[in-house]
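Novice: here is a sequence with its predicted model. Questions after.
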Amino acid sequence: MHATIRIQPDDLSGQATRRLIAFHLAGMLETSPPESVHALDIDALRDPAVSFWSAWVQDDLAGIGALKTMDAERGELKSMRVDDRFRGYGIGRALLRHIMADARARGMTSLWLETGSTEEFLPAQRLYESEGFTECGPFDGYALDPHSMFMTRAL
């Protein structure tokens, strides 16, 4: 597939976006115990500290991603999810690079993330590693958790 990926700010009101967020949350709850799920729901994604984008291929929602401002210099990557129909086509990488560029433009000097530590999360871990993220300890209120992996990278 060599389609153009369009990434745009999203106000969380569209049905396709809401469905993918719900699917993302359900998937996290299927693979991790509830106390280890740190994905944000619609209300949490509406927090003023969170910027949210959707990625589109023609008229199809292909993926979502968010950036939560922790402070003037640090941001947290949140709610990264690619629709299963679009996995393997570079949607996640395009979203990640878009969010990193936005964070840089805001003057942030580092990005942080929490992702799952189990086999289901290997593709996400590999994506983050390939874009310069390295494993680190818990940050910003997270605690050590066998179901979580924490990563960071300098911008």
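Specialist: Done, it's in. Computed from a predicted structure; not experimentally measured.
Novice: adjacent strands (with direction) for the helix or strand residue 111 falls within?
Specialist: Assigned by DSSP states H and E, residue 111 falls within strand 110-116. Strand 110-116 pairs in its sheet with strand 74-82 (parallel), strand 148-154 (antiparallel), by DSSP bridges.
Novice: what's the helix or strand that it is followed by packed up against?
Specialist: Heading C-terminal from strand 110-116, the first helix or strand you meet, by DSSP H and E, is helix 122-130. Using 3 or more C-beta pairs under 8 Å, 6 or more residues apart in numbering; DSSP states H and E, the elements in contact with helix 122-130 are helix 91-105, strand 110-116, strand 148-154. Where you see a C-beta, it was placed from the backbone N, CA and C, and this is true even at glycine.
Novice: looking at this structure, which helix or strand is least sure?
Specialist: Of all helical and strand segments in the chain, the minimum by mean pLDDT, DSSP states H and E falls on helix 15-31, at a mean of 92.
Novice: what separates it from the chain centre, distance-wise?
Specialist: Mean-position distance between helix 15-31 and its chain equals 12 Å (C-alpha atoms, centre = their mean, to the nearest Å).
Novice: quick one: contacts of the helix or strand following it?
Specialist: Using DSSP H and E, the next helix or strand after helix 15-31 towards the C-terminus is helix 42-45. With contacts defined as C-beta atoms under 8 Å, 6 or more residues apart in numbering, helix 42-45 is touched by 12, 18, 21, 50, 52, 66, 78, 79.
Novice: next, the buried residues of helix 42-45.
Specialist: Going by neighbour count (16 or more other C-beta atoms under 10 Å), the buried part of helix 42-45 is residue 45.
Novice: next: stretch 108-118.
Specialist: 108, 111, 112, 113, 114, 115, 116, 117.
Novice: quick one: the first one and residue 75 touch, right?
Specialist: Read it as residue 108. Yes: under the criterion of C-beta atoms under 8 Å, residue 108 makes contact with residue 75 at 4.8 Å.
Novice: please enumerate the shared neighbours of these two.
Specialist: Common neighbours of residue 108 and residue 75 (C-beta under 8 Å, 6+ apart) are residue 69.
Novice: ok, back up a step: indicate which one of the helices and strands packed on helix 122-130 is closest to residue 27.
Specialist: Nearest to residue 27, of all these, is strand 110-116, at 10.0 Å by C-beta to C-beta.
Novice: right, I'll call it a day here.
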